[in-house]
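Student: Provided below for reference: sequence and predicted model.
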Amino acid sequence: MLLAAPGLLLAQQQADSSYPPPAFAPLSDRYTFDVDALTKNGAARTLSEVLTSQVPGLLVIPGGGLNGGGSQVRFAGVRSLISDLPPLILLDAVRIDAHEDDSQLTVAGPGPSRLDDIPIEDVQSIEVLEGPAATAIYGPGAAAGVILIHSKAARTGAIRVHGFAEGAVRAIPERWPANYGGVDLDNPDSLLRTGGCSLVVEAAGQCVQDGLQSFNPLVARNPFGAAPRRQLGLSAAGGPRWGAFRLSGNLDADAAAYDVPAVTWSDDYHRWNVGGGATLHPWRNVEIGASATQISSNLRLPIYEPVLAALMGPSDSTGFSWGQAFQSPGTQKLDRTLASVQVLATPLRWLAIQGTFGLDDIGQHERNLVSTLLTTGDRVVRDRTFALKLTAANRISSGTRLTSAIGVERLQNRENAAFFQGSGGAYTSQQSWLDRRWFSVYGVERVGIRDRFFVTGTLRHDDLHEYSPGDQTNPSLAVDWILRTERLGALGRLAMHGAYGKASHAFPQNLQVVFVAPFQPTPAPLKPDRTREWQVGADAAGLSGRWHANVSFYDLRSQALQYLGVSLPSGGPSFVYAPGAVISNRGVTAALSANLIDRPGWGWTTQLSLWGNRNRIVRGNPATIAVSGIRYTGQREQAGYPAGGYWAWPITYADTNGDGIISGNEISYATTPPSQVWAGAPYPTQGAAVTSSWRVGQRWHISAMLDYRAGQTLFNQIANLRCLYPICRDRYDPTTPLSRQANALGASVMPPAYFEAADYLKLRELAIVFDVSERLAAHFGARAASIMFGGRDLATWTSYSGADPETGSYGRSAGTPMMVGDFATVPLPRSWTVRVRLSY
């Protein structure tokens, strides 16, 4: 697969031999990019930022601009209605925890992401596998996609030491609406004198507006600070031919996002990590690789309440204070250990044996004390991976090669969570235990004919303990045909590929099943959601590798469980979930990279990626199912429409008395479900990313990235609430058009006007790197040095009226039908980073 991202590896480049994937995979549907190059030449600080805009169709939705607000990682198109979880994450062939919103305490917005615990300075490359045609071999959870993270490995040779120091500042964009009120200075009612004289109240004859008043707390009294970030890192690698090592360590500190007297702490986040790895060759045909990383962090959980308090606050600045809004939700202390051991032996020339053991241990403690009320939360995770694989290669004839592999895996996930809240002698507590185990066996067969035609088949069987029947089998079949081998000319290489596969989704963690009374029909047995994929595509390259391109078309169909709601028929309660829903995703991904100019004094490379996806619920429960919750967003699961789509109540209005004001008796709307109208889908249907890199001379490097998303609707939930209460301008300003007055007055039914187009174009990154001359670096005793100055999320162009259409799309209630609404979203900050690297 050819790639479109900066720092790309070649299409068929393999990972380090110490950390191969569970089995060799077909060439299609696989993207690989060089994380080491991206971090050296760009301003990304976390794995989520590195993944952003690198792979067509892979969506990284940031939670906002506060420390501790993580990101959601999904492929385009909903594939499961209740297991809406991120792709399966493997670090050096070992499954790791990638929880999102990972907090046992109550956080009023996005919470931490465990994916971002992994220090990017220790990552060499990432492979991304999109659909079941490529992921079936990876087992439960692979239907959502697979992300393979490869660590930097130990290298033989002279010991080399690398260090870096980084500083960054951030600024939250001031794209906030003001709070409005109308004043009647002579009114005997104090409320109407101080801002309560709305258009409706004036039309009723209770007041006469003398003017408008407005106050924007988030602009006039900006609570956000520059929030500097600091990071230091050091690593060393080297060793003899029979064994090598790599050691590394990093220190991170992020200053408090808020700068007000009520915030008495200086930093929101501290983290340190140390790690090491070794590769040994005790015998000529044996290689042993081992690695371990210890991560420890302290996080003050993000505070979202001040933003909500300001957006729903007064229209008069008199007496306004930030103090009451700043009540910390608590702190989170994390200790995490990641380790793996891999043994690769080739006892015979045609036989390879690989064994893997890995672990991911998490100890997480949270605490919050407000007056005498103590709240604590604990989460302990123990993930274990045991795997054994045998691979045999055999040349059947001079032009035909047969490669076979068989493997077994034993995977275990144990998780304990506890919650306690008490004051004095009164308290409440909750505790949950989860123990998931499965044993898997898989086989892979690959036939290669004259190194131009390849057929790869895989079959994996998983014995699951959580379901009855507790097993499932997933196959895949791929065909790769190299029509034109590499040669000189405009078209140097051309390959076609096609693939089919099935894969299972992760286990739902929140299923509720109520037993049916004896005379009720027995529900069908629950099984994990599964997705099958058909895929075809082509890869091409030319001009001696100066351009690469690929395009893929896919058809995904998911067999999914569906939430039915709780009902109480005369015979007793019914089950809450049932199988039978079918979700379709069809789309295209494409990528193009080109080296446009390559001269001694000037160079220019560019990469373009494109994607589009069509999502539909093909079959579902006959009754319409609303995605309901505390912050209802108007979403429904309805056959024939995209999953989780918005539905709104249309309104009609008329200024019957001609006074220029829409009153309550001049607006009407239907309140029965058939009257609702389609308002759009909360997930983008298309996107693109463009990255260009320029080299000036031999030492200056400049890069820029643009990111585009379209086809998405977003419920501006905070705008709806501001007009409901009311503090929005449309409820007070007499120059407001009648249509907007009607929408503001009808905010209680969430009319279509609050479901806005959320297309956007972002200047995702701009970076300049200067490679210091060897002579100057030698003054610091260094072999090489570089300085990077870069910015991220510098500009957004959109017609959406809210703070940020990107962070506003962060879904709530992950793992259930996802609710998506912009509820007091904190936009992504503009950040500027300076990083200095030294190599010895």
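Tutor: On my side now, so go ahead.

Student: so who does the closest residue to V749 other than its chain neighbours touch?
Tutor: Nearest residue to V749 in three dimensions, chain neighbours excluded: W649, at 4.2 Å (CB to CB, 6 or more residues apart in numbering). No exception for glycine: its C-beta is placed from N, CA and C like everyone else's. W649 makes contacts with 669-671, 675-677, 746, 749-751, as judged by CB atoms under 8 Å, 6 or more residues apart in numbering.

Student: What's the separation between W649 and Q638?
Tutor: Shown here: W649 relative to Q638, a distance of 15 Å by CB to CB, to the nearest Å.

Student: R300 too?
Tutor: 42 Å.

Student: Equivalent analysis for A538, please.
Tutor: For A538, the distance to Q638 - CB to CB - is 36 Å.

Student: Compare these two (neighbour count), which wins?
Tutor: Using other CB atoms under 10 Å, the more surrounded residue of A538 and Q638 is Q638, with 21 against 18.

Student: Quick check: phi and psi at the more buried one.
Tutor: Q638 adopts backbone torsions of phi -140, psi 130, taken as degrees, to the nearest 10.

Student: Now name the helix or strand holding N585.
Tutor: N585 belongs to strand 577-599 when assigned by DSSP states H and E.

Student: Tell me the strands beside that strand, with direction?
Tutor: strand 547-563 (antiparallel), strand 602-619 (antiparallel) (DSSP bridges).

Student: just these: most buried one?
Tutor: Sort those by mean neighbour count, taking mean count of other CB atoms under 10 Å, and strand 547-563 sits at the top with a mean of 21.

Student: how about low-confidence regions in the stretch 451-600 of the chain?
Tutor: Judged by pLDDT under 70, the stretch 451-600 of the chain has its weakly predicted residues at 465-470, 508-526, 563-577.

Student: now do 80
Tutor: Counting by pLDDT under 80, the stretch 451-600 of the chain has low-confidence residues at 464-470, 506-528, 561-579.

Student: for the chain, same thing?
Tutor: For the chain, the stretches flagged by pLDDT under 80 are 1-29, 83-84, 324, 464-470, 506-528, 561-579, 620-631, 670-674, 813-818.

Student: and with 50 instead?
Tutor: 1-26, 468, 512-517, 567-575, 630, 815 (pLDDT under 50).

Student: where along it do the helices fall?
Tutor: Using DSSP state H, the helices assigned to the chain run over residues 35-41, 47-51, 132-135, 190-193, 199-203, 217-220, 305-311, 717-724, 738-745, 774-778.

Student: show me the contacts for F789.
Tutor: By CB under 8 Å, 6+ apart, the contact list for F789 reads 767-768, 832-834.

Student: looking at those residues, which has the most residues close by?
Tutor: A767 (23 neighbours).

Student: From V169, how far out is that one?
Tutor: Distance from A767 to V169, by CB to CB: 15 Å.

Student: and if you look at L828?
Tutor: 14 Å.

Student: which residues in the stretch 351-500 of the chain form strands?
Tutor: Using DSSP state E, counting those that start in this stretch, the strands of the stretch 351-500 of the chain run over 351-370, 373-397, 400-423, 426-449, 453-464, 471-484, 493-504.

Student: Could you check the angle the first one makes with strand 400-423?
Tutor: What it means is strand 351-370. Counting by axes from the mean of the first three to the mean of the last three CA atoms, to 10 degrees, strand 351-370 lies at 20 degrees to strand 400-423.

Student: Strands of the stretch 201-350 of the chain, residue ranges please.
Tutor: Applying DSSP E, counting those that start in this stretch to the stretch 201-350 of the chain gives strands spanning 211-215, 229-239, 243-255, 267-283, 286-300, 331-348.

Student: Next, format these as TSV and append mean neighbour count.
Tutor: Shown next, in TSV, are these (neighbours: other CB atoms under 10 Å):
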stretch	mean neighbour count
strand 211-215	17
strand 229-239	18
strand 243-255	19
strand 267-283	18
strand 286-300	19
strand 331-348	18
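
Student: Of these, which is nearest L199?
Tutor: When those are compared by CB to CB, strand 211-215 sits nearest L199, at 10.8 Å.
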